[in-house]
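Asks: When you get a sec, could you give me coordinates for this:
(2 chains)
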Amino acid sequence: GQQLNQSPQSMFIQEGEDVSMNCTSSSIFNTWLWYKQDPGEGPVLLIALYKAGELTSNGRLTAQFGITRKDSFLNISASIPSDVGIYFCAGRVLSTNAGKSTFGDGTTLTVKP
Amino acid sequence: NAGVMQNPRHLVRRRGQEARLRCSPMKGHSHVYWYRQLPEEGLKFMVYLQKENIIDESGMPKERFSAEFPKEGPSILRIQQVVRGDSAAYFCASSLGLAGETQYFGPGTRLLVL
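Replies: Just a heads-up that it's a prediction; the model follows:
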């Protein structure tokens, strides 16, 4: 089956620093998604990418859909304490119905004030 | 405008008992997805349902697990004769069912099997 490799597994950074994390896949996806999960909650969608090469921003977050369609990265600029959480990438294959998502294992972000 | 609702939020069962997890999709959504998350892992797809129809159950264990989404009422994920390895967070997501459309996740049910 499809697998996503997400790295790094965890990050400890100082408030104000920039953060970068990425996902790679052995197979092609038509959609890349980035989620954030807080403790005890479900994932919340941050950014959705639909085209190879697409670069999309959402406030301090920027994500790109790799040209090969097998990778994506997420950048967070000027981190703040509330950025703490687990970030997941997910890929989807386009189908006539909105299909399942394949998730990476997450990047746990800790921000020191 | 209520989001995806799941109940119970926490469920404790003894080995051999049955667990029933409920998911009410967002208003107007007719497609539901169930995912399982083990500690320190990502979400793993289990099953994708439309009203009264299972679209994709490729992630469902072959035994003890079943899911339904009736015409009326919430979607139900049922685990029979639970074992300790079933302890996990179970998340439901819903969507309108259009190709490429966003899925919205509920807060999850944390199942603990003693």
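Asks: okay, CA-based contacts and neighbour counts for the rest of this
Replies: Fine.
Asks: pLDDT score for A:Phe88?
Replies: As summarised for this prediction, A:Phe88 has a pLDDT of 96.
Asks: That one: neighbour count?
Replies: 29 (other CA atoms under 10 Å in any protein chain shown).
Asks: Three-state assignment for it, please.
Replies: Per DSSP: H, G, I helix; E, B strand; the rest coil, the secondary structure class of A:Phe88 is strand.
Asks: Let me see the contact set for the nearest residue to it once chain neighbours are set aside.
Replies: Closest residue to A:Phe88 apart from its sequence neighbours, by CA to CA, 6 or more residues apart in numbering or on different chains: A:Gly106 at 4.5 Å. For A:Gly106, the contacting residues are A:6-7, A:9, A:86-89, B:40-42, by CA atoms under 8 Å, 6 or more residues apart in numbering or on different chains.
Asks: Closest one of those to B:Leu77?
Replies: B:Leu77 has its nearest neighbour among those in B:Gly42, at 19.2 Å by CA to CA.
Asks: element containing the nearest residue to that closest one once chain neighbours are set aside, please.
Replies: Closest residue in space to B:Gly42, ignoring its immediate chain neighbours: A:Asp105 at 4.0 Å, by CA to CA, 6+ apart. Per DSSP states H and E: A:Asp105 is located in neither a helix nor a strand.
Asks: Next one: A:Asp105 from B:Gly28, what distance?
Replies: Separation of A:Asp105 from B:Gly28 (CA to CA, to the nearest Å): 31 Å.
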